[in-house]
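Coordinates only, no sequence provided:
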């Protein structure tokens, strides 16, 4: 009996979207054994996992850079994990280039002559070039050492070729589902969500205009800019609320500064810090709000924008994400405003105080996001890349 090919996957954590993708790969690769090697521990209770995985107790530490393009880097070596991954795998997948562990994995794999496939989502070329050399140079080394690369967005294609010098024949395009299929199913399960009940739960009036942010409360997310812009909107539209959903960051957490900022601006009672919520709870929160805003200083392809679009919300973000001008189309289903531009963000928010504009743009968001949720094509193309490398062994 032929031994199954062992595929080891280095990933950040077993988030729902990651588990969903690996489940789809496992269903297709019946002649292979897939084992995930997550770097950071997450709560996997309630997840349907159909692949093997290595447990970890590491909770994550980050080094945050604020000069140039704001950025963050995972502080972890994980030598034991890396050695086990390379030793017990015939082919290695880097699901995102996870800092030092990805670098060590690539070097060891090259020494042991084991193929490496990278799966990538990046920022657009202009933003990627602004990142610190401490991030770009190791990333370039990893990409040059790996044999084949999956590109998951059109801007990633551009970045991998223009910034990192990869050839077109080294790339396979697989559209990034971004957890869309998973969240779409949750929306269907909660089709009877009572919008007014959600607002009542958060002590928000039924007729209030609710702006929503979802994400970890760290500098990179730009929540400080959002609060300043929201204060301007409140001066003209006092019947507005801002829901801020997400945990405080373990490093560079901002919640106390953000609360103090809202207090100084006289809008503390209008800014609700909701804290972290489960995916099921997020469904109700998206449906209870009117406009979704991610004023990020650095993001690749934020799943929250996919989720908000599926919930039919107009979107506001910045060019610092690969979603800009693709999932978020300026003046079509929302607005793309410059990073750190309070006035431009406030103006976009003002324009979405019009109910008809919100309705039209929200409908466009739902229509646009459908083009990106192609989980079967995503999985098929990644499997194609895996088979290509296995044949070359």
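Nice, I can see it. Quantities reported herein were computed from a predicted structural model and do not represent experimental measurements. Numbering: from 1, shown residues only.

only C-alpha atoms for contact and neighbour calcs from this point on.
Will do.

list the buried ones in stretch 129-143?
Buried residues in stretch 129-143, defined by neighbour count with 16 or more other CA atoms under 10 Å: 129, 131, 132, 136, 138, 139, 140, 142, 143.

I'd like those residues as JSON lines, with pLDDT and secondary structure appended.
Below are those laid out as JSON lines (pLDDT from 0 to 100; DSSP: H, G, I helix; E, B strand; the rest coil):
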{"residue": "129", "pLDDT": "90", "secondary structure": "coil"}
{"residue": "131", "pLDDT": "83", "secondary structure": "coil"}
{"residue": "132", "pLDDT": "83", "secondary structure": "coil"}
{"residue": "136", "pLDDT": "91", "secondary structure": "helix"}
{"residue": "138", "pLDDT": "92", "secondary structure": "helix"}
{"residue": "139", "pLDDT": "94", "secondary structure": "helix"}
{"residue": "140", "pLDDT": "96", "secondary structure": "helix"}
{"residue": "142", "pLDDT": "97", "secondary structure": "helix"}
{"residue": "143", "pLDDT": "97", "secondary structure": "helix"}
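
Can you classify the residue nearest to residue 290 when sequence neighbours are not counted as helix, strand or coil?
Spatial nearest neighbour of residue 290, excluding adjacent residues (CA to CA, 6 or more residues apart in numbering): residue 210 at 5.2 Å. State at residue 210, reduced to three classes by DSSP: H, G, I helix; E, B strand; the rest coil: strand.

now stretch 93-102: mean pLDDT?
The average pLDDT within stretch 93-102 is 91.

buried sites along the helix or strand encompassing residue 358?
Residue 358 belongs to helix 355-369 when assigned by DSSP states H and E. Buried residues in helix 355-369, defined by neighbour count with 16+ other CA under 10 Å: 357, 358, 359, 360, 361, 362, 363, 364, 365, 366, 368, 369.

same thing with stretch 222-236?
If you call a residue buried by 16+ other CA under 10 Å, then stretch 222-236 has these buried ones: 222-234.

now for the lengthiest helix in the chain, which elements pack on it?
Scanning the chain for the helix with the most residues, using DSSP state H, yields helix 375-392. Under the contact criterion of 3 or more CA pairs under 8 Å, 6 or more residues apart in numbering; DSSP states H and E, helix 375-392 touches helix 16-28, strand 148-151, strand 171-173.

10 Å instead?
helix 16-28, strand 91-95, strand 116-120, strand 148-151, strand 171-173, helix 180-189 (3 or more CA pairs under 10 Å, 6 or more residues apart in numbering; DSSP states H and E).

If you compare the directions of that helix and helix 180-189, what angle comes out?
Interaxial angle, helix 375-392 versus helix 180-189 (axes from the mean of the first three to the mean of the last three CA atoms, to 10 degrees): 150 degrees.

neighbours of residue 390, just the number please.
Residue 390: 14 surrounding residues under other CA atoms under 10 Å.

still on that earlier bit, quick one: which of the buried residues of stretch 129-143 is nearest to residue 164?
Nearest to residue 164, judged by CA to CA, of those is residue 140 at 5.7 Å.

in terms of contact, does that closest one touch residue 166 like I think?
Yes: counting by CA atoms under 10 Å, residue 140 touches residue 166, with 9.4 Å between them.

Please enumerate the shared neighbours of these two.
residue 160 (CA atoms under 10 Å, 6 or more residues apart in numbering).

Neighbours of residue 213, how many?
Residues lying near residue 213 (other CA under 10 Å) number 25.

is it fair to say it lies in a strand?
Yes: judged by three-state DSSP, residue 213 forms part of a strand.

is it true that it touches residue 244?
Yes: Residue 213 lies in contact with residue 244 (CA under 10 Å); the separation is 5.0 Å.

what's the overlap in contacts for these two?
223, 226, 273, 293.

who's in contact with the last one?
If I follow you right, that is residue 293. Counting by CA under 10 Å, 6+ apart, residue 293 makes contact with 211-214, 223, 226, 242, 244, 304-305, 308, 313-318, 334-335, 345, 349.

out of the residues you listed, which are inside helices?
Among the contacts of residue 293, the members found in helices (DSSP H) are 223, 226, 304, 305, 308, 345, 349.
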